[in-house]
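Student: Sequence plus the predicted model coming up.
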Number of protein chains: 2
Amino acid sequence: MRKPPIIHETRRVDSSRFLRLEQVDLEFSNGQQRTFERLRSSGLGAVIIVPMLDHDTVLLVHEYAVGTDRYELGLPKGRLDRDETVEQGADRELKEEVGYGARELHILGRLSLSPNYMTAMTHVVLARELYPERLVGDEPEELEVVSWKLSELHTLLERPDVTEGRSIAALFMAREYLAGRFRPQP
Amino acid sequence: MRKPPIIHETRRVDSSRFLRLEQVDLEFSNGQQRTFERLRSSGLGAVIIVPMLDHDTVLLVHEYAVGTDRYELGLPKGRLDRDETVEQGADRELKEEVGYGARELHILGRLSLSPNYMTAMTHVVLARELYPERLVGDEPEELEVVSWKLSELHTLLERPDVTEGRSIAALFMAREYLAGRFRPQP
């Protein structure tokens, strides 16, 4: 297990490069009025990638997460850059975080974080026909890549470092899709 | 389909009752330094409930979500109140949002939203042995309750109003648990 980073300082700030706090005054169809808060993300969106090394082996990354202040095991993901498609962004993040490119990329759907108070949307991209290729991203350290079996997702759920709703949801979406049950709507 | 609420005004604010923006100065074990941003949630945490009407029927709610500005279909959920356990909070939210209490409540695990930049953690609670009981919460309108089959989650994934990562993850966690495969760790 890698040694987690040292936190030198934590300070409260009022604004962020990626997030903006908003208040929204609402009137429901029954006349009830409420002021709700929401977090607006920068508009380009994000991708989460399900990289399949073969028909049952998925590649995960073990990455330090400052939100929970520990290493978390989950799918590779990242924000889309300007002027790239969802598939291009997924392929780039895969090369940066896992060291593979994909010859076949297929969008399975979109996941929200918490639709009740966040605008953020993440595209789920299944990546197949992988080949080794690394791009240097902005990661502070190389990520440990961990392979898992889609047929063994129930044991993944038992790991204390597997908590991310989007990763778990995207893995089951991929499994249902690959079993021929789930048909993504365009 | 219900008429969504009217947005009268949206304004940017610097602080929130539930969220706080932070910057964190980090030093990784390889000496790399980074300043990361994160969102700190109020400390009590949240619950998401998987309410089982029978061994295969789960109850979902159709609720207006200001983050996506539309009605979303997902599991009932909410923030924990002071002085209540996870199970008590799950039972209260179930009574407020779905109109049922539960004689059996079982914690399946915890889900993060986005561990890379959020501290928020949500307890996943399986609720069984339901009985009708309604509590009045702070919802601006009564929520529409929709029943679904756990054996038909693949068709749920095809609905455009089903996007929440935590709801999808919690439903599959419950299905794996009820099938006797996933054993939650204490």
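Tutor: Nice, thanks for sending it over.

Student: all contacts plus neighbour counts: C-alpha atoms, from now on.
Tutor: OK.

Student: Can you pull out the low-pLDDT segments for chain A?
Tutor: Residues of chain A meeting the criterion pLDDT under 70: A:1.

Student: so where do the strands sit in it?
Tutor: Assigned by DSSP state E, the strands in chain A fall at A:6-13, A:19-27, A:33-41, A:46-51, A:57-65, A:70-74, A:77-79, A:100-112, A:121-132, A:144-149.

Student: Stretch A:87-100 near chain B anywhere?
Tutor: No. Against chain B, stretch A:87-100 shows no contacts by Cα under 8 Å from any Cα of the partner chain, the least distance being 14.1 Å.

Student: May I have that stretch exported as CSV, CA atoms only?
Tutor: Taking Å, rounded to 0.1, in the frame of the first residue of the first chain, the C-alpha atoms of stretch A:87-100 are listed here in CSV:
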residue,chain,number,x,y,z
GLU,A,87,-15.0,9.3,-27.1
GLN,A,88,-11.8,11.4,-27.6
GLY,A,89,-11.8,12.5,-23.9
ALA,A,90,-12.4,8.9,-22.8
ASP,A,91,-9.4,7.6,-24.9
ARG,A,92,-7.2,10.4,-23.6
GLU,A,93,-8.0,9.8,-19.9
LEU,A,94,-7.5,6.0,-20.5
LYS,A,95,-4.0,6.7,-21.9
GLU,A,96,-3.1,9.1,-19.1
GLU,A,97,-4.4,7.0,-16.2
VAL,A,98,-4.2,3.4,-17.3
GLY,A,99,-1.6,3.4,-20.1
TYR,A,100,-3.9,2.0,-22.8
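
Student: which outside residues touch it?
Tutor: Applying Cα atoms under 8 Å, 6 or more residues apart in numbering or on different chains, the contact partners of stretch A:87-100 are A:47-49, A:51, A:59, A:61, A:76-81, A:101-102, A:105-107, A:125, A:127, A:130-137, A:139, A:142-143, A:145.

Student: and those residues, which are buried?
Tutor: Neighbour counting by 16 or more other Cα atoms under 10 Å in any protein chain shown classes A:47-49, A:51, A:59, A:61, A:76-80, A:101-102, A:105-107, A:125, A:127, A:130, A:134, A:142-143, A:145 among the contacts of stretch A:87-100 as buried.

Student: Point out the most buried one among the strands of chain A.
Tutor: Most buried of these by mean neighbour count (mean count of other Cα atoms under 10 Å in any protein chain shown) is strand A:46-51; its value is a mean of 27.

Student: can you tell me which helix in chain A is longest?
Tutor: Secondary structure of chain A per DSSP state H: the longest helix is helix A:165-178.

Student: Nearest residue to A:Pro132 in space, ignoring adjacent ones along the chain?
Tutor: Using Cα to Cα, 6 or more residues apart in numbering or on different chains and skipping residues adjacent in sequence, the residue nearest A:Pro132 is A:Tyr100, 4.4 Å away.

Student: distance of that neighbour from A:Arg128?
Tutor: A:Tyr100 is 10 Å from A:Arg128, where distance means Cα to Cα, to the nearest Å.

Student: Repeat that for A:Gly101.
Tutor: Using Cα to Cα, one obtains 9 Å as the distance from A:Gly101 to A:Arg128.

Student: now A:Glu97
Tutor: The spacing between A:Glu97 and A:Arg128, counted by Cα to Cα, is 16 Å.

Student: cool, and A:Asp161?
Tutor: Applying Cα to Cα, the value for A:Asp161 to A:Arg128 is 25 Å.

Student: helices or strands up against the longest helix of chain A?
Tutor: Packing partners of helix A:165-178 (3 or more Cα pairs under 8 Å, 6 or more residues apart in numbering or on different chains; DSSP states H and E): strand A:46-51, strand A:100-112, helix B:165-178.

Student: Out of all residues in chain A, which is the farthest from the middle?
Tutor: A:Gly31 (37.7 Å; Cα atoms, centre = their mean).

Student: Count the residues that sit near A:Ala120.
Tutor: Neighbours of A:Ala120 under the rule other Cα atoms under 10 Å in any protein chain shown: 21.

Student: Surely it touches A:Leu113?
Tutor: Yes. The criterion here is Cα atoms under 8 Å, and A:Ala120 meets it with A:Leu113 at 6.3 Å.

Student: From what I see, A:Met118 and A:Leu39 are in contact.
Tutor: Yes. With contact defined as Cα under 8 Å, A:Met118 counts as touching A:Leu39 (4.7 Å).

Student: shared neighbours of the two, anything?
Tutor: Shared contacts of A:Met118 and A:Leu39, defined by Cα under 8 Å, 6+ apart, comprise B:Gly67.

Student: That concludes my questions; thank you for your assistance.
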